[in-house]
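K.L.:
please work out how this folds:
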Amino acid sequence: MRKEVTKKILNKWDDSVPAGLHERIQARQGRRDFLKLSSVLAASMLIPACDNTNTPTTSSASIDPLLKQAPWQTFASVQNHLFPKDTNSPGADDINATLYLKSVLELPGIDDDDKKFLRDGVKWIDDIAIQMTEKSFHQLDVTKKEAVLQRIASSSAGENWLSLLLLYIFEALLTDPVYGGNPDGIGWQWLEHKPGFPTPPKDKRYHLLT
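P.N.:
Residues are numbered from 1 along each chain as shown. Have a look, this model is predicted:
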């Protein structure tokens, strides 16, 4: 019965997505993120795998009280699961992934459909988590979170929501710290990347120049 209910929720989510959004997300992933994903995956192959099966993920709320609030608490929980910290690499918390995402969603010029899709997705995820486990997503252990995300990824909307969220995780990992992610260049240090200089001052960030 619960599986049928979650299927109905996912079908409603698929039906609610604006026409063409899935194709735009997939095209952008292919064009814009190939090099980003390749660099991260190459680096990850150099470190030992970390088994997080029974280890609770940490919450970004320990960094910023704002992230105790909806929807950021759920965003942080999903991001920490998708990009967990281990002994050799930073995690979503370390790269300020959720705070970076929040800043992106508040910028002018970001596609309104993307913003709505990301925000709506958090609600769908919590609905599905409650149907499957009777708890909100951020309250689950790692095993149950994985089960919820696997269920979500079985739909077009869910798969593309996770893809878009990963896009912004990698942006937070690789961006100049002036944009709110990658504090102190932690992502660059992990990837052994040497950025160009000078880095932009706050008053010269790209969205202030357009």
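K.L.:
which one is Ser154 nearest to, not counting chain neighbours?
P.N.:
Leu10 (7.1 Å; C-beta to C-beta, 6 or more residues apart in numbering). C-beta coordinates here come from the backbone N, C-alpha and C atoms, glycine included.
K.L.:
can you get me a residue count around the one you found?
P.N.:
Neighbourhood size, Leu10 [other C-beta atoms under 10 Å]: 21.
K.L.:
repeat that for Leu105.
P.N.:
Residues lying near Leu105 (other C-beta under 10 Å) number 16.
K.L.:
Arg2 now?
P.N.:
Around Arg2 there are 11 other residues, counting by other C-beta under 10 Å.
K.L.:
which stretch of helix or strand covers the residue nearest the centre of the chain?
P.N.:
Nearest residue to the geometric centre of the chain (C-alpha atoms, centre = their mean): Leu165, 3.5 Å. Counting by DSSP states H and E, the element that carries Leu165 is helix 156-174.
K.L.:
now do the buried residues in the helix or strand following that helix.
P.N.:
Counting by DSSP H and E, the next helix or strand C-terminal to helix 156-174 is helix 186-191. Residues 186-188, 190-191 are the ones in helix 186-191 that count as buried (16 or more other C-beta atoms under 10 Å).
K.L.:
and of those residues, the nearest to Val148?
P.N.:
Distance to Val148 across the buried residues of helix 186-191 (C-beta to C-beta) is lowest for Gly187, with 26.9 Å.
K.L.:
OK, contacts around that closest one?
P.N.:
Residues near Gly187 by C-beta atoms under 8 Å, 6 or more residues apart in numbering: 90, 95, 172-174, 181, 193.
K.L.:
of all the residues you listed, the one with the weakest confidence?
P.N.:
pLDDT across those is lowest for His193, at 88.
K.L.:
circling back: I'd say the residue nearest to the centre of the chain and Phe83 touch.
P.N.:
No: under the criterion of C-beta atoms under 8 Å, Leu165 is not in contact with Phe83, lying 9.6 Å apart.
K.L.:
tell me the helix or strand right after the helix or strand of the chain with the lowest mean pLDDT.
P.N.:
Lowest on mean pLDDT, DSSP states H and E among the helices and strands of the chain sits helix 34-44, with a mean of 44. Sequence-wise, the next helix or strand downstream of helix 34-44 (DSSP H and E) is helix 72-82.
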